[in-house]
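Enquirer: need coordinates for the following:
(2 chains)
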Protein chains: 2
Amino acid sequence: MTTSRLPLARVLTMLLLSFTTGLPAQVSGDEGMYLFNELPAELLQERHDFEATAEWADALRLSSVRFNVGGSGSFISSDGLVLTNHHVASDTLHKLSTPDRNLIEDGYLAKSLQDELKAPDLELNQLVAILNVTERVNAGVSTDAVSEEAVKQRRAVIAEIEKESFDETGLRSDVVTLFGGAQYHLYRYKKYTDVRLVWAPETEAAFFGGDADNFEYPRFNLDATIMRVYEEGKPAKLDHFLRWNRNPLSEGELVFVSGNPGRTQRIFTVAALKFLRDDRIPYVLDYLRRKEILMQQFGLEGTEQARRARDELFGIQNARKAYTGMLAGLQDPQTFVAKRGREDRLLSELKKDTELADLAMAWSAIEAIQDDKRAMLDQTVSLRSTFAELAMQIVLLASEELKPNAERLRGFTDSSRESLMQELLSTAPIYRDLEQVKLADEISRLAIHRGVEDNLVQEILAGKGPRERAAALIEGTRLDDVEVRKELIEGGHNAVFSSQDPIMILARTLEPEYRIIREKNEQIEERERQAYAKVSQAITALEGTSGYPDATFTLRLAFGTVKGYSEDGKWIDPTTNFAGAYQHAESHKGQIDFDLPQSWMKAKDQVDLQAQLNFVCTADIIGGNSGSPVVSRDGELVGLIFDGNIQSLTSDYLYSDEQARAVSVSGVGILEALRSIYDAKALADSIGK
Amino acid sequence: MTTSRLPLARVLTMLLLSFTTGLPAQVSGDEGMYLFNELPAELLQERHDFEATAEWADALRLSSVRFNVGGSGSFISSDGLVLTNHHVASDTLHKLSTPDRNLIEDGYLAKSLQDELKAPDLELNQLVAILNVTERVNAGVSTDAVSEEAVKQRRAVIAEIEKESFDETGLRSDVVTLFGGAQYHLYRYKKYTDVRLVWAPETEAAFFGGDADNFEYPRFNLDATIMRVYEEGKPAKLDHFLRWNRNPLSEGELVFVSGNPGRTQRIFTVAALKFLRDDRIPYVLDYLRRKEILMQQFGLEGTEQARRARDELFGIQNARKAYTGMLAGLQDPQTFVAKRGREDRLLSELKKDTELADLAMAWSAIEAIQDDKRAMLDQTVSLRSTFAELAMQIVLLASEELKPNAERLRGFTDSSRESLMQELLSTAPIYRDLEQVKLADEISRLAIHRGVEDNLVQEILAGKGPRERAAALIEGTRLDDVEVRKELIEGGHNAVFSSQDPIMILARTLEPEYRIIREKNEQIEERERQAYAKVSQAITALEGTSGYPDATFTLRLAFGTVKGYSEDGKWIDPTTNFAGAYQHAESHKGQIDFDLPQSWMKAKDQVDLQAQLNFVCTADIIGGNSGSPVVSRDGELVGLIFDGNIQSLTSDYLYSDEQARAVSVSGVGILEALRSIYDAKALADSIGK
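Expert: Numbers count the residues shown, from 1 in each chain, chains lettered A, B, ... in the order given. Below is the predicted model:
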């Protein structure tokens, strides 16, 4: 599956903290993740004879949603139905499951509105407006500010813009850094925080083929889930939603993807890519493998433990496979031949141009920044467990809310407060046994990075080994009680800083060092922003604008055609069908994760075996696009993005349409499954209306 | 299971290359892995009222065998039967398996001598003599030699001693470094190289509970296999073998363990333990987790791939769990309090004693050595795949055999030639698909450690990514043909250095750097030997001799009593029985690796449910002891070591009899299983006779 940003979101956000975004190379083929306020009208006209009218684009934008857990989705009915991937919904399915109700494994179908299950902490965002605020942001930062000062100034002006917008509109308001720092846009979102589960298939259907088939093609997966947004306790009435196209797709057909790609780094210089290749990705992979084994081991302890670990384990395995593919691409010397060739050309042209020559310094600045990033790699005191992360957020909040809004850390300003509370007061269960194992591992990891003799480590261990210490911390905490967290938050600084909860004490112990490290990282990011803004400027001047910035987990439009490809001399058809799913199960009999669920086996005679199930297209997507609607020229839903093939794993830094493909569930297939397998005719009939 | 040294042997040997061995602290309780030529007669008399006569000890020694794959075993009949663990035999079971005959999963029983299956490359060693050659070794090394020169001199004198002994006796002759370099003993072994499989249970019985139960107790595992040694095509006639005790064990009973513990590091100074804790073990764990995921991923591709990967995967998982436990112990501040206390006392006493004061410098020398070891951690160009390792051995052999015997690298002297050939000309199958995956991973790993731009890495990649390059190398090699290897070896330097086999070319490319790194490591080891010899001297002078050196994968005697222990306030009985096995399966229903095999389920009514199956005792064991016989006062076999419990994982550097226990299969249980489950009455009847 394509990298969804949560349940691994915290982990990855932290690992990837200082990834900057920027402007890609010249576009080729169907490359591009376009801003909805800067759509490539000419390109679409020339290349695909398509006119992207404002009505068409607005309707699509307003039918698209972003999931705070790190994926995308779309509105598919006037009464609030939302379509996304099973693997985007799985965080919610996991949180709604109990020892006796395993929604991830068994799936779910609400027979009536009363049966729809409310997600404990899901937030969906609908993008209602975009404003360019670049000039105002830059005016707020002195051009000669050193990075420490620049960080503060930029933080202040952004907080001010967001607060003004929020106060004015009541909408979630985020300033987004684009083109690596060359532009700043204000995004206004309508938020939906009452989201309920309507239908989910079994994991055996959604993730058919498991880790082995992940990122592979041909595929036969029903990676789909349907939810519904509510307002004031009733299904939301929507003006914008996608109609459903009921025709099969043909090779060559033009399609569009409207979703929230998480992060690309196509603007990266050769030095930055080397750092990724030789340092950061190997570091991240060591980390992911560590967590993968940890969660596997926990799951071996029993079936209930396996259930508790499963969703996070899937996320980790998915990320590990994605990073492994990224690294393989970067370790191919050919990748660097291409990247270095272009960079050399740019630099030599820059040097010939007296007006632009100064910009070349940005490349050496970026090279120097890599050393600082390398030094920061294992500089973290964040203990990645739910308890420790909640406690740290509460501690930071208590200190931050004493400051003027403009001086606060990102995530703690007035305009982010609602979303932060949604997270801190989530009713999702926290499993003490799992928390203990994770916390012990995190303390052990910190002890490796800083050495056991380090003062902070000594303070954390308090004379015990990591396992014994974690056991004592978990034994003593009451943070799994939402009321306890609420009291602490409402009690403010006094309550938080006098709490005797051992994990609160732990968070307070870590806070000063956490702030130092965060500050250092933000300074590095500021230097990167300034440098990449110049790189963008140079590229625009010499190559003309490519039209789209690197991905920022904000709404983008991609496009492409339904198209097969050749692999090891064999032609891979762009579409698969239900017959293929049954054959695939048969030919992998006895292998783990290759059993179709009972529901499918029972329904075999009812299903239209020729109905399309999955398809590939050339649209430019990346992790975060999971759950994005795929629409036709007419703006009708034809599919649901859920993966990229193995050849697409290098898309992070290099787009290609030779073999790389986006993989979708076909809209036709979803309807067929609802009707013929899941006994959900009423739901199927209400879709698209 | 206790760490067996192979199939992971190569991997771990390399990772642990510069682990030195030495002299432990004062002994406590039943601590101690004693040399057969220096048995603790007084201690046994005083503590256990036992007289270890020469006859008793000789008979036990000559009934004990060492497996070249890294485990132990014993002779159990006059006609050549050998008992060891299933997990020691599994390397052979794997090599004898085919897609249609899965010996690891299904087990095996030879109905007649004709059915006994010959192991492709197993070598068993029976220790027939020990000679102290310390003076001669030390006389061969100038006392003021710098380490580079000392390495050569020591290598030369050891090769000379071994060659003389081999020429004189025809026996395998190994000089063993003991007490960290304070003593050198010459071990002479009778070799058995025709070893055949007689009986093995299913993995479901041998490794019941899988990775989850590994290193846990209570246990219910039949981790046993029976082989037979042959001479001149016939079952060997043995003068020494163990009689079988047919009585159940009782709490408090004295037992002895005769086996080959692989490695302990109880002499380690605080600085050396810190290096283990903060650097080496984390490094090894990253490596093991990397390989664990790699093998898991390969196994997901299909049932045959899973079979190919399984034995190595088990070994990796076992090592990963063992190292995780070791690290947990080292990260417990209490471990260092104890170690540091003793070290401080020693050093302060040394300083008071004018004759011994100089010895204190050994501690600072060892501290300095840790920095060099740290710098060498990722300095390796060994590509861990069967093909690459075979090729490197062949290349080294071709160069080494041109040198005088005394100047050759360890492993390439005349006296080691037979064993080396046994390995290089093994008929075990080599799986190209698995080799390709491993080689790609190793090339990628090398590229991470040295950087893709490194000249050697560039040469290896030859313009391709690691995966494509590995594919090309595997495509072109013929090294899986034993005849091809034989021709190369017999053709000598000319043949080896003109071979156009791509993996031979690869090995030649790596050889110069391999030699540089090996040389550096050997110099570090020499410095360690010299320093630890002084540490030994100081300890002996101040604390008196403790009587046993750190483990060296040579034959040792340990002793202890059958004894339960308390865990989380609960008393754990020292013995389990067959009834417990069936209950354990029942209470873990639905969990992976908790199914008993069909044979056990069918035989449930025939089995004596009260018969003992596993038991624990306080004897001091470690990895390499796997398969060791446990014998009674009378020298009769009562059990078979197969594991240590989780509390014993710190035994590497700290013995304790509070909770740490050795885990064995009971001799009674093996007989009961052979008779009532495996329909092997004839075999059961021939045991012990």
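
Enquirer: C-alpha only now, for contacts and for neighbours.
Expert: Noted.

Enquirer: residue A:516 versus residue A:408, what's the distance?
Expert: For residue A:408, the distance to residue A:516 equals 15 Å [Cα to Cα, to the nearest Å].

Enquirer: in the stretch 551-689 of chain A, what residue is nearest chain B?
Expert: Going by Cα to the nearest Cα, chain B is nearest to residue A:591 of the stretch 551-689 of chain A, at 6.2 Å.

Enquirer: residues touching that residue, list them.
Expert: For residue A:591, the contact set (Cα atoms under 8 Å, 6 or more residues apart in numbering or on different chains) comprises B:300, B:302, B:303.

Enquirer: kindly report the same for residue A:247.
Expert: Contacts of residue A:247 by Cα under 8 Å, 6+ apart are residue A:668.

Enquirer: next one: it from residue A:641, what distance?
Expert: Using Cα to Cα, we find residue A:247 at a distance of 18 Å from residue A:641.

Enquirer: got the CA positions of stretch A:668-680 in CSV?
Expert: This file holds the C-alpha atoms of stretch A:668-680, laid out as CSV (Å, rounded to 0.1, in the frame of the first residue of the first chain):
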residue,chain,number,x,y,z
VAL,A,668,-16.9,-0.6,-10.8
GLY,A,669,-15.2,-3.3,-8.6
ILE,A,670,-16.2,-1.6,-5.4
LEU,A,671,-19.8,-1.5,-6.5
GLU,A,672,-19.7,-5.2,-7.6
ALA,A,673,-18.2,-6.2,-4.2
LEU,A,674,-20.8,-4.3,-2.2
ARG,A,675,-23.6,-5.8,-4.2
SER,A,676,-22.5,-9.4,-4.8
ILE,A,677,-20.2,-10.1,-1.8
TYR,A,678,-21.1,-7.8,1.0
ASP,A,679,-24.8,-7.9,0.8
ALA,A,680,-24.8,-4.1,0.8
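
Enquirer: pull out the buried positions in that stretch.
Expert: Across stretch A:668-680, burial judged by 16 or more other Cα atoms under 10 Å in any protein chain shown covers A:668, A:669, A:670, A:671, A:672, A:673, A:674, A:675, A:676, A:677, A:678, A:680.

Enquirer: go on, stretch A:282-296?
Expert: For stretch A:282-296, burial by neighbour count (16+ other Cα under 10 Å) applies to A:282, A:284-296.

Enquirer: now the element after the helix or strand of chain A with the lowest mean pLDDT, going C-ward?
Expert: Ranked by mean pLDDT, DSSP states H and E, the weakest helix or strand in chain A is helix A:9-15, scoring a mean of 35. Of the helices and strands lying after helix A:9-15 in sequence (DSSP states H and E), the nearest is strand A:34-35.

Enquirer: hmm, who's touching the helix or strand just after that following strand?
Expert: Per DSSP H and E, strand A:34-35 leads on to helix A:41-48 as the next helix or strand towards the C-terminus. With contact meaning Cα under 8 Å, 6+ apart, helix A:41-48 is reached by A:50, A:51, A:52, A:254.

Enquirer: who touches the next helix or strand after helix A:41-48?
Expert: Counting by DSSP H and E, the next helix or strand C-terminal to helix A:41-48 is helix A:54-62. Around helix A:54-62, the neighbours that count as contacts under Cα under 8 Å, 6+ apart are A:36, A:126, A:127, A:128, A:240, A:241, A:242, A:258, A:555, A:635.

Enquirer: the third one contacts residue A:72, correct?
Expert: It refers to residue A:127. No - using Cα atoms under 8 Å as the test, residue A:127 is too far from residue A:72 to be in contact (11.9 Å).

Enquirer: now the stretch 301-450 of chain A against chain B: closest residue?
Expert: residue A:332 (3.7 Å).

Enquirer: more crowded one of residue A:408 and residue A:516?
Expert: The neighbour count for residue A:408 versus residue A:516, taken as other Cα atoms under 10 Å in any protein chain shown, is higher for residue A:408 (21 against 12).

Enquirer: for that one, give me the pLDDT.
Expert: Residue A:408 carries a pLDDT value of 96.

Enquirer: that one touches residue A:400, doesn't it?
Expert: Yes - assessed by Cα under 8 Å, residue A:408 is found in contact with residue A:400 at 5.6 Å.

Enquirer: returning to that earlier point: in helices, which of the buried residues of stretch A:668-680 fall?
Expert: If you go by DSSP state H, the buried residues of stretch A:668-680 have A:668, A:669, A:670, A:671, A:672, A:673, A:674, A:675, A:676 in helices.

Enquirer: just want the residue of the stretch 451-600 of chain A that's nearest chain B.
Expert: Closest point on the stretch 451-600 of chain A to chain B, by Cα to the nearest Cα, is residue A:465, at 3.7 Å.

Enquirer: how is chain A partitioned into domains?
Expert: Following automatic domain parsing, chain A resolves into domains at A:50-123+A:193-261+A:567-686, A:270-541.

Enquirer: got a winner among the contacts of residue A:591 for most neighbours?
Expert: Using other Cα under 10 Å as the neighbour criterion, residue B:300 leads the contacts of residue A:591 with 20 neighbours.

Enquirer: list the contacts for that residue?
Expert: A:211, A:212, A:591, A:592, B:306.

Enquirer: if we use 6 Å, what do you get?
Expert: With contact taken as Cα atoms under 6 Å, 6 or more residues apart in numbering or on different chains, residue B:300 is in contact with residue A:212.

Enquirer: spell out which residues of chain A are next to chain B.
Expert: Listed as neighbours of chain B in chain A under the rule Cα under 6 Å from any Cα of the partner chain: A:212, A:278, A:300, A:331, A:332, A:333, A:448, A:463, A:464, A:465.

Enquirer: please redo it, this time with the cut-off set to 8 Å
Expert: Contact residues (Cα under 8 Å from any Cα of the partner chain) of chain A with chain B: A:211-212, A:277-279, A:282, A:286, A:289-290, A:293, A:297, A:300-303, A:328-329, A:331-334, A:444, A:447-449, A:451-452, A:463-467, A:588, A:590-592.

Enquirer: filter those down to the buried ones.
Expert: For the residues of chain A next to chain B, a burial check counting by 16+ other Cα under 10 Å picks out A:211-212, A:277-279, A:282, A:286, A:289-290, A:293, A:297, A:300-303, A:328-329, A:331-333, A:444, A:447-449, A:451-452, A:464-467, A:588, A:591-592.

Enquirer: in helices, which of these appear?
Expert: Members of those lying in helices (criterion: DSSP H): A:211-212, A:282, A:286, A:289-290, A:293, A:297, A:303, A:328-329, A:333, A:444, A:447-449, A:466-467.

Enquirer: let me see the ranges of the helices in the stretch 401-550 of chain A.
Expert: Taking DSSP state H, counting those that start in this stretch to define them, one finds helices in the stretch 401-550 of chain A at A:417-424, A:432-450, A:455-461, A:466-476, A:482-498, A:502-543.

Enquirer: for the closest residue in space to residue A:482 that isn't next to it in sequence, give me its contacts.
Expert: Spatial nearest neighbour of residue A:482, excluding adjacent residues (Cα to Cα, 6 or more residues apart in numbering or on different chains): residue A:425 at 5.8 Å. With contact taken as Cα under 8 Å, 6+ apart, residue A:425 is in contact with A:482, A:485, A:486.

Enquirer: got a markdown table for those residues, with neighbour count too?
Expert: Putting the contacts of residue A:425 into a markdown table (neighbours: other Cα atoms under 10 Å in any protein chain shown) gives the following:
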| residue | neighbour count |
| --- | --- |
| A:482 | 16 |
| A:485 | 20 |
| A:486 | 15 |
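
Enquirer: out of the contacts of helix A:41-48, which is most surrounded?
Expert: Neighbour counts for the contacts of helix A:41-48, by other Cα under 10 Å, peak at residue A:254, which reaches 21 neighbours.

Enquirer: from what I can see that residue touches residue A:561, true?
Expert: Yes - the criterion here is Cα under 8 Å, and residue A:254 meets it with residue A:561 at 4.5 Å.
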